[in-house]
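Enquirer: just coords:
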(Lines give C-alpha, C1' and ligand atoms only; values in the text may rest on other atoms or scores of the structure.)
Protein backbone atom coordinates (compact mmCIF):
# COMPACT_ATOMS: atom_id res chain seq x y z
CA UNK A 1 0.00 0.00 0.00
CA UNK A 2 1.43 3.39 -1.01
CA UNK A 3 1.65 5.84 1.88
CA UNK A 4 4.09 8.38 0.42
CA UNK A 5 2.55 11.37 -1.32
CA UNK A 6 5.68 13.46 -1.69
CA UNK A 7 8.46 13.44 -4.24
CA UNK A 8 12.27 13.56 -4.32
CA UNK A 9 12.26 17.26 -3.44
CA UNK A 10 10.15 16.56 -0.34
CA UNK A 11 12.68 14.02 0.89
CA UNK A 12 15.53 16.50 0.49
CA UNK A 13 13.57 19.14 2.40
CA UNK A 14 12.92 16.69 5.27
CA UNK A 15 16.61 15.93 5.79
CA UNK A 16 17.63 19.58 5.58
CA UNK A 17 19.27 19.40 2.18
CA UNK A 18 18.99 22.36 -0.15
CA UNK A 19 19.40 20.14 -3.20
CA UNK A 20 16.01 19.95 -4.83
CA UNK A 21 14.24 21.29 -1.76
CA UNK A 22 10.80 22.80 -2.17
CA UNK A 23 11.90 26.33 -1.28
CA UNK A 24 14.09 28.42 -3.56
CA UNK A 25 17.49 29.36 -2.17
CA UNK A 26 18.26 33.04 -1.80
CA UNK A 27 19.79 34.35 -5.04
CA UNK A 28 23.26 35.06 -3.63
CA UNK A 29 23.07 32.40 -0.90
CA UNK A 30 22.59 35.01 1.81
CA UNK A 31 21.78 33.19 5.03
CA UNK A 32 22.71 35.31 8.05
CA UNK A 33 24.34 33.51 10.97
CA UNK A 34 23.10 33.72 14.53
CA UNK A 35 25.79 35.80 16.31
CA UNK A 36 25.74 33.32 19.21
CA UNK A 37 27.41 30.79 16.92
CA UNK A 38 30.56 32.91 16.89
CA UNK A 39 30.31 33.84 20.56
CA UNK A 40 30.44 30.12 21.35
CA UNK A 41 33.60 29.68 19.27
CA UNK A 42 35.33 32.67 20.89
CA UNK A 43 34.86 31.08 24.31
CA UNK A 44 37.03 28.16 23.19
CA UNK A 45 39.42 29.59 20.61
CA UNK A 46 41.53 32.73 20.57
CA UNK A 47 41.54 34.49 17.21
CA UNK A 48 44.15 36.89 15.80
CA UNK A 49 43.67 40.62 16.26
CA UNK A 50 42.89 41.29 12.57
CA UNK A 51 40.16 39.23 10.89
CA UNK A 52 38.85 39.40 7.33
CA UNK A 53 35.10 38.67 7.10
CA UNK A 54 34.78 38.17 3.35
CA UNK A 55 31.04 37.41 3.09
CA UNK A 56 29.83 39.73 5.81
CA UNK A 57 26.16 40.15 4.86
CA UNK A 58 24.60 42.55 7.36
CA UNK A 59 27.51 42.18 9.78
CA UNK A 60 26.16 39.58 12.21
CA UNK A 61 29.55 37.88 12.66
CA UNK A 62 31.72 40.95 12.11
CA UNK A 63 29.98 42.83 14.91
CA UNK A 64 30.68 40.00 17.37
CA UNK A 65 34.37 40.22 16.44
CA UNK A 66 34.39 44.01 16.88
CA UNK A 67 32.68 43.70 20.26
CA UNK A 68 35.41 41.28 21.30
CA UNK A 69 38.23 43.68 20.44
CA UNK A 70 39.15 42.53 16.95
CA UNK A 71 39.95 44.75 14.01
CA UNK A 72 37.65 43.55 11.22
CA UNK A 73 37.74 44.11 7.48
CA UNK A 74 34.27 43.27 6.18
CA UNK A 75 33.32 42.86 2.52
CA UNK A 76 30.63 41.15 0.48
CA UNK A 77 29.58 40.69 -3.11
CA UNK A 78 26.29 42.45 -2.35
CA UNK A 79 26.10 45.47 -0.08
CA UNK A 80 23.60 44.81 2.72
CA UNK A 81 24.25 47.94 4.77
CA UNK A 82 27.48 46.72 6.34
CA UNK A 83 31.11 46.70 5.27
CA UNK A 84 32.18 47.21 1.67
CA UNK A 85 29.94 45.83 -1.06
CA UNK A 86 30.76 44.85 -4.62
CA UNK A 87 33.78 42.75 -3.58
CA UNK A 88 33.98 39.26 -5.10
CA UNK A 89 36.14 37.36 -2.62
CA UNK A 90 37.14 34.81 -5.23
CA UNK A 91 38.82 37.64 -7.16
CA UNK A 92 40.58 39.22 -4.18
CA UNK A 93 44.35 39.13 -4.76
CA UNK A 94 45.72 40.01 -1.33
CA UNK A 95 44.67 40.05 2.30
CA UNK A 96 44.23 43.24 4.32
CA UNK A 97 47.39 44.46 6.04
CA UNK A 98 48.51 42.39 9.07
CA UNK A 99 45.72 39.89 8.49
CA UNK A 100 46.26 36.15 8.76
CA UNK A 101 42.73 35.03 9.54
CA UNK A 102 39.66 34.73 7.32
CA UNK A 103 36.35 33.94 9.02
CA UNK A 104 32.91 33.66 7.47
CA UNK A 105 29.82 31.61 6.71
CA UNK A 106 30.53 31.17 2.98
CA UNK A 107 27.90 30.87 0.25
CA UNK A 108 27.01 27.18 0.15
CA UNK A 109 27.56 26.67 -3.57
CA UNK A 110 31.06 28.16 -3.44
CA UNK A 111 32.29 26.51 -0.24
CA UNK A 112 35.20 24.63 -1.79
CA UNK A 113 36.26 27.65 -3.84
CA UNK A 114 36.25 29.83 -0.70
CA UNK A 115 38.42 27.33 1.17
CA UNK A 116 40.82 26.98 -1.73
CA UNK A 117 41.14 30.72 -2.34
CA UNK A 118 41.61 31.42 1.37
CA UNK A 119 44.50 28.97 1.54
CA UNK A 120 46.06 30.66 -1.49
CA UNK A 121 45.84 34.12 0.12
CA UNK A 122 46.89 33.23 3.66
CA UNK A 123 50.51 33.20 4.86
CA UNK A 124 51.93 30.04 6.43
CA UNK A 125 50.17 29.43 9.72
CA UNK A 126 47.20 31.59 8.72
CA UNK A 127 43.72 30.25 9.41
CA UNK A 128 40.53 30.09 7.34
CA UNK A 129 37.59 29.55 9.70
CA UNK A 130 34.27 28.65 8.09
CA UNK A 131 30.84 27.79 9.44
CA UNK A 132 29.83 24.73 7.43
CA UNK A 133 27.29 21.95 7.44
CA UNK A 134 28.73 18.99 9.39
CA UNK A 135 28.17 16.95 6.21
CA UNK A 136 31.09 18.88 4.71
CA UNK A 137 33.32 16.39 6.54
CA UNK A 138 32.43 13.79 3.94
CA UNK A 139 32.70 13.73 0.16
CA UNK A 140 35.40 12.44 -2.16
CA UNK A 141 36.08 15.82 -3.79
CA UNK A 142 36.58 17.59 -0.44
CA UNK A 143 38.77 14.76 0.79
CA UNK A 144 41.01 14.88 -2.25
CA UNK A 145 41.23 18.70 -2.35
CA UNK A 146 41.62 19.44 1.36
CA UNK A 147 41.41 16.73 4.00
CA UNK A 148 43.96 14.45 2.39
CA UNK A 149 46.49 17.31 2.64
CA UNK A 150 45.92 17.60 6.39
CA UNK A 151 45.05 21.30 6.38
CA UNK A 152 41.87 20.81 8.41
CA UNK A 153 43.28 21.48 11.88
CA UNK A 154 40.16 21.67 14.06
CA UNK A 155 36.41 21.18 13.90
CA UNK A 156 34.14 22.75 16.54
CA UNK A 157 30.79 20.97 16.47
CA UNK A 158 27.55 22.43 17.82
CA UNK A 159 25.54 19.91 19.85
CA UNK A 160 22.46 22.01 19.04
CA UNK A 161 21.18 23.44 15.79
CA UNK A 162 22.44 26.88 14.72
CA UNK A 163 20.05 29.35 13.15
CA UNK A 164 20.94 30.70 9.70
CA UNK A 165 18.24 33.07 8.49
CA UNK A 166 17.36 33.51 4.84
CA UNK A 167 17.87 37.17 3.90
CA UNK A 168 18.78 37.85 7.53
CA UNK A 169 15.17 37.52 8.67
CA UNK A 170 15.52 35.69 11.98
CA UNK A 171 11.97 36.59 13.06
CA UNK A 172 10.39 34.35 10.43
CA UNK A 173 12.60 31.32 11.13
CA UNK A 174 11.03 28.27 12.75
CA UNK A 175 14.21 26.39 13.54
CA UNK A 176 16.93 24.67 11.55
CA UNK A 177 17.28 21.19 10.07
CA UNK A 178 21.03 21.59 9.51
CA UNK A 179 23.86 20.61 11.85
CA UNK A 180 26.74 23.10 11.74
CA UNK A 181 30.35 23.24 12.87
CA UNK A 182 33.23 25.68 12.66
CA UNK A 183 35.95 24.27 10.39
CA UNK A 184 39.47 25.61 10.97
CA UNK A 185 41.85 25.23 8.02
CA UNK A 186 45.46 26.22 8.65
CA UNK A 187 47.82 26.88 5.76
CA UNK A 188 50.88 24.66 6.05
CA UNK A 189 49.35 22.43 8.72
CA UNK A 190 49.77 18.73 8.08
CA UNK A 191 48.41 16.60 10.87
CA UNK A 192 45.39 15.01 12.45
CA UNK A 193 42.15 16.95 12.81
CA UNK A 194 41.06 17.64 16.40
CA UNK A 195 37.33 17.53 17.15
CA UNK A 196 35.84 19.83 19.80
CA UNK A 197 32.28 20.15 21.11
CA UNK A 198 30.99 23.68 21.63
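Expert: Happy to help now that I have it. The shown structure was predicted, so the numbers you read here are calculated from the model rather than taken from an experiment.

Enquirer: what about residue 46, how many neighbours?
Expert: Neighbouring residues of residue 46 were enumerated by other Cβ atoms under 10 Å; the total is 5. Every residue, glycine included, has its C-beta placed from N, CA and C.

Enquirer: doesn't it belong to a strand?
Expert: No: per DSSP: H, G, I helix; E, B strand; the rest coil, residue 46 lies outside any strand segment and is coil.

Enquirer: quick one: it from residue 164, how far?
Expert: The gap separating residue 46 from residue 164 is 25 Å, by Cβ to Cβ, to the nearest Å.

Enquirer: repeat for residue 31
Expert: For residue 31, the distance to residue 164 equals 4 Å [Cβ to Cβ].

Enquirer: shared neighbours of those two, which are they?
Expert: residue 105 (Cβ atoms under 8 Å, 6 or more residues apart in numbering).

Enquirer: list the buried ones in stretch 147-158?
Expert: For stretch 147-158, the neighbour count (16 or more other Cβ atoms under 10 Å) marks 147, 151-156, 158 as buried.

Enquirer: what mean pLDDT would you report for it?
Expert: For stretch 147-158, the mean per-residue pLDDT is 95.

Enquirer: for that stretch, measure first residue to last.
Expert: Stretch 147-158 stretches 20 Å from its first residue to its last (Cα to Cα, to the nearest Å).

Enquirer: and residue 65, its phi and psi?
Expert: Dihedral angles of residue 65 (phi, psi; degrees, to the nearest 10) stand at phi -60, psi -40.

Enquirer: quick one, what contacts it?
Expert: 38, 47, 51, 53, 72, 103.

Enquirer: among these, which ones are buried?
Expert: 38, 47, 51, 53, 72, 103.
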